[in-house]
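Asker: Return atomic coordinates for the entry below.
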Amino acid sequence: MNFKLKPVAIWPGMSKIFLAMKLIAVLLFIALSQAHADGYAQTVTIHENNVPVEKILLKIEKQTAYHFIYDSKLDILKTRSVTINADNASINSILDKCLGGLPVSYTIIQQTIALKSDEGKVAGAMVLELR
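Answerer: Now for the predicted structure:
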């Protein structure tokens, strides 16, 4: 006896169901990743003329969930006045405008923005070169 076994699908439409399930999984993944990215890309609207940088930082804190950490010795944030007109701008672009030209850099770590003076690095490097 010679038996030939043919692969028989349990259900004839099963391949279409698996294809639809794969497509739904991919679309769901794309939708969820987009929602996650929008959660971190917060925008800010600020219109201020000749105000200290510190006031801009306070406005960012009020409009977003971000908080600022910086040394109270950073007097330049209180003395330097800036003019900002921004509608639905990202936090990075506003900070770049405010801190542009200042010896201050920032780092965003989760919901905290840390500001630090860049003057210490330059002065320290100069002292090392002189010795």
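Asker: Can you tell me the closest non-neighbouring residue to Ile60?
Answerer: Val44 (5.7 Å; C-beta to C-beta, 6 or more residues apart in numbering). Using the backbone N, CA and C atoms, a C-beta is placed for each residue, glycine as well.
Asker: now do Asp118
Answerer: Pro103 (4.4 Å).
Asker: if you go through the chain in chain order, where are the helices?
Answerer: 14-40, 53-63, 76-79, 91-99, 119-130 (DSSP state H).
Asker: Phi, psi for the residue lying closest to Ser105 once chain neighbours are set aside please.
Answerer: Spatial nearest neighbour of Ser105, excluding adjacent residues (C-beta to C-beta, 6+ apart): Asp118 at 5.4 Å. Main-chain dihedrals, Asp118, degrees, to the nearest 10: phi -90, psi -10.
Asker: what sits against Asp118?
Answerer: By C-beta atoms under 8 Å, 6 or more residues apart in numbering, the contact set of Asp118 is 103-105.
Asker: for Ser93, same thing?
Answerer: Ala86.
Asker: Now with 10 Å, please.
Answerer: 43-44, 86 (C-beta atoms under 10 Å, 6 or more residues apart in numbering).
Asker: Repeat that for Asp75.
Answerer: Contacts of Asp75 (C-beta under 10 Å, 6+ apart): Glu54.
Asker: what's the distance between it and Ser117?
Answerer: 10 Å (C-beta to C-beta, to the nearest Å).
Asker: Over to His67?
Answerer: In terms of C-beta to C-beta, His67 sits 19 Å off from Ser117.
Asker: The two - which one has more neighbours?
Answerer: Ser117 (18 against 12; other C-beta atoms under 10 Å).
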